[in-house]
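J.: below: sequence and its predicted model.
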Amino acid sequence: VEGKGIHVWDATGTRYLDGVSGGVWTVNVGYGRESIADAVREQLVKLNYFAGSAGSIPGALFAKRLIEKMPGLSRVYYNNSGSEANEKAFKMVRQIAHKRYGGKKHKILFRERDYHGTTIACLSAGGQPERNAQYGPFTPGFVQVPHCLAYRAHEQGLENAANYGELAANAIEEVILREGPDTIGALCLEPVTAGGGVITPPEGYWPRVQEICRKYDILLHIDEVVCGLGRTGTWFGYQNYGIEPDMVTMAKGVASGYAAIACLVTTEKVFEMFKDDSTDPLNYFRDISTFGGCTAGPAAALENIRIIEDEGLLDNTLAMGARLMTRLEELKDKHKVVGDVRGKGLFCGAELVVDRATKEPVAEKLAQQVVAECGAQGVLIGVTNRSLPGRNNTLCLSPALIATADHIDEIAAAMDVALTRVFG
């Protein structure tokens, strides 16, 4: 019912250290930021809304600030959610296909274990079967490519491969060749897979992905809904890997949950594809987002980005992320049930297994019991859930970017106790 800094309180007055930033990787700058609330209120009183046909001052100002953090990208489209931002990107791909390729180059590739939103089209691009279950039939034209989780390379017949990252990317090319390169318009990927198991890409993966997209003239769409605005220690997750995307979507951390806002950002090259024939009334990108015109979102986002800069939260994320990974490695050394630990910045996970040799996942209810035991100690952590049949076994950690060394140690200590209680 209340939050301050990195802590929240429930209706009984019990205090918890929030190790998941609002449950779903959102409250990047922490709770109780009066300066954000003040900025939102001031803007709402001045002008709460005007549609994108004219735009608004805070919308223009935040767009300028945002693209300063994204070299190579230049155009910002506002939305009210990550799902809508991804839908907007999908629509661009489809319209480009009709404008330039007779509708043929319309297919959109997505990756196994990735998640891109809750609408039907976004679920069609979703690599998590349990998220999709009972919501079909889905939108045609979306094609899955294999995951890049090195810990489970053996399930792909690639165990002990020295160049697994490159081989995992080559699997994308195999799908492209199977479907026909002239039918593939875009590849949509998370920089670090979130709800599908906190999967950091293996070495060699992203350079090869970029090479493949350029080879076959495929737009690279990076979904930064979770990683964006500092979560991995850089402004955006893709910036850790030297990627040059054509489209980037973002939501959660853009305003840290203080107001609803999401964005699609594109290169100038993508933008120019809609300007080639001004006499055609259907030539421009004809997308409408009613609540993309709300001013509270960009007002909150402007203050959110200022806080990240002024308080040095990117550097803190790198330092505390390194500390968190060290603590997770220590837990792995102590508890045989911890099969793998992985992460980037303050976005980390620990995969629980019955046996390290076979890598058999623990039962989902046992992983959830670890979460419950942490909660009983006043620490909130997460776990993959309702995502992958038999694979919801990864504990998820994403504390606010303001986390201190003491906070990290408290999270790790609670996990230590919880793992002991559940598994001995």
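T.: Sure, I can see it. Numbering: from 1, shown residues only.
J.: just list whatever residues bridge to Met250.
T.: Here Met250 sits in beta bridges with Cys263, going by DSSP bridges.
J.: okay, the nearest residue to Arg65 once chain neighbours are set aside: pLDDT?
T.: Sequence neighbours aside, Ile305 is the residue nearest to Arg65 in space, at 5.7 Å (criterion: C-beta to C-beta, 6 or more residues apart in numbering). The way it works is simple: take the backbone N, C-alpha and C, and place the C-beta from them, glycine included. At Ile305, the predicted lDDT confidence score is 98.
J.: doesn't Ile305 fall inside a helix?
T.: Yes - under DSSP: H, G, I helix; E, B strand; the rest coil, Ile305 sits within a helix.
J.: report the separation between it and Cys227.
T.: Counting by C-beta to C-beta, to the nearest Å, the separation of Ile305 from Cys227 is 15 Å.
J.: who has more neighbours, those two?
T.: Using other C-beta atoms under 10 Å as the criterion, Ile305 and Cys227 rank with Cys227 on top: 30 against 21.
J.: next, give phi and psi for the closest residue to the more buried one other than its chain neighbours.
T.: In space, and not counting its chain neighbours, Cys227 is closest to Gly237: 3.1 Å by C-beta to C-beta, 6+ apart. Dihedral angles of Gly237 (phi, psi; degrees, to the nearest 10) stand at phi -60, psi -40.
J.: residues touching Gly237, list them.
T.: Shown in contact with Gly237 (C-beta atoms under 8 Å, 6 or more residues apart in numbering): Glu190, Pro191, Val192, Ile222, Glu224, Val226, Cys227, Gly228, Arg231, Lys344.
J.: highest neighbour count among those residues?
T.: When neighbours are counted by other C-beta under 10 Å, Gly228 leads those with 32 neighbours.
J.: what's the closest non-adjacent residue to that residue?
T.: Nearest to Gly228 is Met250, by C-beta to C-beta, 6+ apart, at 3.7 Å.
J.: the one you found: how many residues sit nearby?
T.: Residues near Met250, counting by other C-beta under 10 Å, number 28.
J.: can you check Cys188 too?
T.: 25.
J.: now do it against Gly23, distance only.
T.: Applying C-beta to C-beta, the value for Cys188 to Gly23 is 24 Å.
J.: likewise Gln156?
T.: As judged by C-beta to C-beta, Gln156 and Gly23 stand 31 Å apart.
J.: can you pick out the residue with more neighbours from these two?
T.: Taking neighbours as other C-beta under 10 Å, Gln156 and Gly23 compare with Gln156 leading, 18 against 13.
J.: and the nearest residue to that one once chain neighbours are set aside, what does it touch?
T.: Of all residues not flanking Gln156 in the chain, Pro146 sits nearest, at 6.3 Å (C-beta to C-beta, 6+ apart). Contact analysis of Pro146 by C-beta under 8 Å, 6+ apart lists Arg111, Glu112, Gln156, Ala168, Ala171, Ile172.
J.: from the contact counts, what lies against the lengthiest helix in the chain?
T.: Ranked by residue count under DSSP state H, the longest helix found in the chain is helix 313-334. Counting contacts by 3 or more C-beta pairs under 8 Å, 6 or more residues apart in numbering; DSSP states H and E, helix 313-334 is packed against strand 338-343, strand 348-355, helix 405-423.
J.: tell me the mean pLDDT for it?
T.: Here helix 313-334 scores 98 as its mean pLDDT.
J.: got the angle between that helix and helix 405-423?
T.: 30 degrees (axes from the mean of the first three to the mean of the last three C-alpha atoms, to 10 degrees).
J.: once you drop chain neighbours, what's closest to the residue nearest the centre of the chain?
T.: The centroid of the chain falls nearest to Val226 when counting by C-alpha atoms, centre = their mean (2.8 Å). Distances taken as C-beta to C-beta, 6+ apart place Ala194 nearest to Val226, at 4.3 Å, with adjacent residues excluded.
J.: ditto for Ala262
T.: Leaving aside its sequence neighbours, Ala262 sits nearest to Ala251 (C-beta to C-beta, 6+ apart; 3.8 Å).
J.: all helices for the protein, in order.
T.: Taking DSSP H as the test, the helices found in the chain are 34-46, 57-68, 82-101, 120-124, 129-132, 164-179, 205-215, 268-272, 296-310, 313-334, 364-376, 405-423.
J.: alright, calling it a day.
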